[in-house]
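# What follows is a predicted structure for the sequence shown.
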Amino acid sequence: MDKFIKSLSWGLIAALVWTGAAMAAPPSQVLGVREKLPNGLVWLFSEQSGLPLVTLKLLVKAGTLQDPPGKEGLANLAAVLLLSGTKKRSATQIAQELDFLGAKLSAAGGDDFAEVSLTILKKDLAAGLDLLQDILLHPAFAPPEVRRKVAEIRASLKSDEDEPMVVAARAFNKDLFGAFPYGHPIRGTQEGLAAITPKDLQGFHSRYWRPNNAILCVAGDLTQDEARKWVTQIFGSWPEGKIPAVKLPPIPALKDRQVVVIDKDITQANIIWGNLGIARSNPDFYALQVMNYILGGGGFASRLMDNIRVNRGLAYSVSSQFDPGLEAGIYAVTLETKNRSSAEAVDQVLAEIRRIQKQPVTAAELSDAKSYLIGSFPRKMDSLSRRAWLMGYVEFYGLGLDYPWRYPDLIQKLTPGDIQRVAEKYLHPDQSLLVVVGKKSAMPPPFGAGPRPGAEEKKDGQKKTHP
């Protein structure tokens, strides 16, 4: 379910790039300061002296997009194995050092980038950075650790098959993206993981884990001079490299409405409807974000929830989300409903989509969406970890460190016409993908052969109404 879990519906801009105006913004209206080492490492710093803590986040452009065909999951595996041993530390030693320091160190893969994060007390920063440098520059990728981690991930992928919505999400992504890397889970596939060797991991790390392919974010109880000293000392010797270009296959076009029904003996139909969305570089991001909030992203404030749950009682939850990345991501509606009401629920989803395309949203809906999105944004930077991550994110997607202070204006200026325009442009009921996981014999046409809700059948001489 990776593509849905990681959806960042609070909406980061991709249309506006770093400019001199951003650099000229007053210190109170920028996330931090930006510098660059001779080896190409861009690093960002924000002094936050409220607590004696320091957080570092490293974003490396080594995500799912860099997975080679047939080795799906290589990028994520290269990231998560960083904590499984170096040339001088075992996995146990790393864990023991972290426990002694009371520090948090993690590494994870992603669609567009991998991330390494460290949070530590300022007094222990030297020891923490020594450990961080070691796992970053000298991972062992020892065969026993590789086999253990591969087995662990493959087992988790297998166990996920018991989750109907995960099954639906995997089928949706695979059919929507085809051979494009976004089409497989970040963790990889059974076949791809089985084909990965320690040599593959060493080669991937050598190619992509380079300073000129990374962004370092530092936030916490340091001065800029202190931060510069540590960054130079720890990361200055990291050798840069030539980053290979990745040739990505095309994403297949949806020429009509495609329906995939997966038969599973469950009481609830798990449904995903959607189509290809946008990349973060698309200037329509803001209008689509507001449209999505009104349609299905706003919880009980959304039209889908009001219609399908509140008014009709067809589903406990229903929501919409979009997931733009460096490349175009999904736009999708997800819901669970009783098998017998699956067709009716989908009909209502499509009805709401057509309504938002044909009729302008109300002034009240637009005002509420704007108020929520603008009012909730400050929470995206209200801790060291969130602030460090946001700095890296705006740098990675070229947004400018003054982005949080521009964001309200970008949302506030949107009109009902803007919302209707993007709904018409990016939602495609007649060129879409619908995945339904449920018990086919209990689902009505077109998904199964069961009766529509309220239909009656004769059994043992009596008329029975399906509950």
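Nice, thanks for sending it over. On a predicted model such as this, the values are computed, not experimentally measured, just so you know. Numbers count the residues shown, from 1 in each chain.
# Which strand or helix spans the nearest residue to Leu427 once chain neighbours are set aside?
Distances taken as CB to CB, 6 or more residues apart in numbering put Ile353 closest to Leu427, at 5.2 Å, once the chain neighbours are dropped. No exception for glycine: its C-beta is placed from N, CA and C like everyone else's. Per DSSP states H and E: Ile353 is located in helix 342-358.
# ok, back up a step: state the distance from the residue nearest to Leu427 to Lys338.
Distance check for Ile353 against Lys338: by CB to CB, to the nearest Å, it reads 22 Å.
# So what does the residue nearest to Ala140 when sequence neighbours are not counted have for phi and psi?
Spatial nearest neighbour of Ala140, excluding adjacent residues (CB to CB, 6+ apart): Gly85 at 4.4 Å. Dihedral pair for Gly85: phi 130, psi 140, per degrees, to the nearest 10.
# Ends of stretch 71-85, what's the gap?
With CA to CA, to the nearest Å as the measure, stretch 71-85 spans 22 Å from end to end.
# avg pLDDT for it?
Averaged across stretch 71-85, the pLDDT comes to 98.
# before we move on, what about stretch 173-188?
For stretch 173-188, the mean confidence score works out to 97.
# Let's see it as CSV, backbone CA atoms only.
C-alpha atoms of stretch 173-188 as CSV (Å, rounded to 0.1, in the frame of the first residue of the first chain):
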residue,chain,number,x,y,z
ASN,A,173,-0.4,0.4,-8.9
LYS,A,174,0.7,-2.4,-11.1
ASP,A,175,-2.1,-1.9,-13.6
LEU,A,176,-1.8,1.9,-13.6
PHE,A,177,2.0,2.2,-13.9
GLY,A,178,2.9,-1.0,-15.8
ALA,A,179,6.7,-1.4,-15.9
PHE,A,180,7.2,2.1,-14.5
PRO,A,181,8.9,1.9,-11.1
TYR,A,182,6.1,3.5,-9.2
GLY,A,183,4.1,0.4,-10.1
HIS,A,184,5.8,-1.8,-7.5
PRO,A,185,6.0,-1.5,-3.7
ILE,A,186,8.9,0.5,-2.3
ARG,A,187,9.9,-2.7,-0.4
GLY,A,188,10.1,-4.5,-3.8
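# Any buried residues in stretch 400-420, and which?
400-407, 410-411, 414, 418-420 (16 or more other CB atoms under 10 Å).
# Using a markdown table, lay out those residues together with secondary structure, pLDDT and distance to Val346.
As requested, the buried residues of stretch 400-420 are exported to a markdown table (DSSP: H, G, I helix; E, B strand; the rest coil; pLDDT from 0 to 100; distance: CB to CB, whole Å):
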| residue | secondary structure | pLDDT | distance to Val346 |
| --- | --- | --- | --- |
| Gly400 | coil | 92 | 41 |
| Leu401 | coil | 95 | 43 |
| Asp402 | coil | 95 | 43 |
| Tyr403 | helix | 94 | 37 |
| Pro404 | helix | 95 | 38 |
| Trp405 | helix | 95 | 42 |
| Arg406 | helix | 94 | 39 |
| Tyr407 | helix | 95 | 34 |
| Leu410 | helix | 96 | 33 |
| Ile411 | helix | 97 | 31 |
| Leu414 | coil | 98 | 29 |
| Asp418 | helix | 98 | 27 |
| Ile419 | helix | 98 | 23 |
| Gln420 | helix | 98 | 23 |
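# In those residues, find the pair that's most separated.
Leu401 and Gln420 (33.1 Å; CB to CB).
# Any figure for the gap between Pro250 and Gly70?
Pro250 is 18 Å from Gly70, by CB to CB.
# cool, and Leu295?
38 Å.
# just Pro283 next, same as before
To Gly70, Pro283 is 36 Å away according to CB to CB.
# and if you look at Gly313?
Applying CB to CB to Gly313 and Gly70 gives a distance of 47 Å.
# can you pull out the strands in the stretch 351-467 of the chain?
For the stretch 351-467 of the chain, applying DSSP state E, counting those that start in this stretch gives strands covering 433-438, 456-459, 462-465.
# Comparing these, which yields the minimum mean pLDDT?
Among the strands of the stretch 351-467 of the chain, strand 462-465 carries the lowest mean pLDDT (a mean of 28).
# low-scoring pLDDT stretches of the stretch 351-467 of the chain, where are they?
452-467 (pLDDT under 70).
# same thing with the stretch 51-200 of the chain?
Judged against pLDDT under 70, the stretch 51-200 of the chain has no low-scoring part.
# what about the strands in it?
53-60, 104-108, 114-121.
# For the shortest one, buried residues please.
For strand 104-108, the buried set under the neighbour-count rule, 16+ other CB under 10 Å, comprises Leu105, Ala107.
# packing partners for it?
Packing partners of strand 104-108 (3 or more CB pairs under 8 Å, 6 or more residues apart in numbering; DSSP states H and E): helix 74-80, helix 91-101, strand 114-121, helix 125-137.
# let's go with 10 Å and repeat that
Here strand 104-108 touches strand 53-60, helix 74-80, helix 91-101, strand 114-121, helix 125-137, going by 3 or more CB pairs under 10 Å, 6 or more residues apart in numbering; DSSP states H and E.
# what angle separates that strand from helix 91-101?
On the basis of axes from the mean of the first three to the mean of the last three CA atoms, to 10 degrees, strand 104-108 is oriented at 140 degrees to helix 91-101.
# Could I have the CA atoms of strand 104-108 written out in CSV?
Provided in CSV are the C-alpha atoms of strand 104-108 (Å, rounded to 0.1, in the frame of the first residue of the first chain):
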residue,chain,number,x,y,z
LYS,A,104,17.4,7.6,17.4
LEU,A,105,18.9,6.6,14.1
SER,A,106,16.9,5.2,11.2
ALA,A,107,17.2,4.6,7.4
ALA,A,108,14.4,4.0,5.0
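# List the strands paired with it, with their directions.
strand 114-121 (antiparallel) (DSSP bridges).
# Which parts of the stretch 101-250 of the chain are helices?
Taking DSSP state H, counting those that start in this stretch, the helices of the stretch 101-250 of the chain run over residues 125-137, 143-159, 164-177, 190-195, 198-208, 224-235.
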